[in-house]
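Asks: Build me a model from this:
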Amino acid sequence: VLLSGRAPFGGCHGETEKAPIIKNILRGNYDIETPKLWDHVSYEAKDFIRKLLVKNCDKRATVFEAQKLPWLQKHSGNSRVLSPTSVTSFLIV
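Replies: As a prediction, this is how the structure comes out:
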């Protein structure tokens with residue numbers, strides 16, 4: 001939502017029925033390719049999202065793998081593994 005303004009599983013168009021959104025989440029169906037919404041988002045950012053939104057947890061990037069992905073490294077200000085303090089700086093409270 002922060003990168004494109006839209007939820008990847010749907011739900012940003014005022015849907016009153018939550019069933020389609022839940023079905024998309026459970027199936028791992030998401031959209032981060034709609035040109036109008038995603039053209040301005042870098043390949044590295046999309047790759048980061050793709051590696052975190054993998055349904056099978058055995059194939060999903062671990063927190064340590066995610067910390068080493070280029071997009072997060074680029075925005076962390078260094079190439080080391082992020083500290084918990086650095087990670088919390090990405091959170092919106």
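
Asks: element containing Pro46?
Replies: Heads up, residue 46 is Lys, not Pro. Element membership for Lys46 (DSSP states H and E) is helix 43-52.

Asks: which other helices and strands contact that helix?
Replies: helix 63-67, helix 70-76 (3 or more C-beta pairs under 8 Å, 6 or more residues apart in numbering; DSSP states H and E). All C-beta spots, glycine's among them, are computed from the backbone N, C-alpha and C.

Asks: from the ones you listed, which stretch is densest packed?
Replies: The highest average neighbour count among those, using mean count of other C-beta atoms under 10 Å, belongs to helix 70-76 at a mean of 16.

Asks: pLDDT weak spots in the protein?
Replies: 12-16, 77-93 (pLDDT under 70).

Asks: now with 80?
Replies: 1-8, 10-17, 33-35, 37, 75-93 (pLDDT under 80).

Asks: what's the closest non-adjacent residue to Asp31?
Replies: Pro8 (6.1 Å; C-beta to C-beta, 6 or more residues apart in numbering).

Asks: My error: substitute Pro70 in the last question.
Replies: Glu44 (4.6 Å).

Asks: And for Gly10?
Replies: If the residues on either side of it in the chain are set aside, Gly10 comes closest to Ile21, at 5.0 Å by C-beta to C-beta, 6+ apart.

Asks: Tell me, how many residues neighbour that neighbour?
Replies: 15 (other C-beta atoms under 10 Å).

Asks: go on, Ala45?
Replies: Neighbours of Ala45 (other C-beta under 10 Å): 21.

Asks: Go ahead and name everything in contact with stretch 1-8.
Replies: Cys12, Ile21, Tyr30, Asp31, Ile32, Thr34, Leu37, Trp38, Val41, Ala45, Ile49, Leu53 (C-beta atoms under 8 Å, 6 or more residues apart in numbering).
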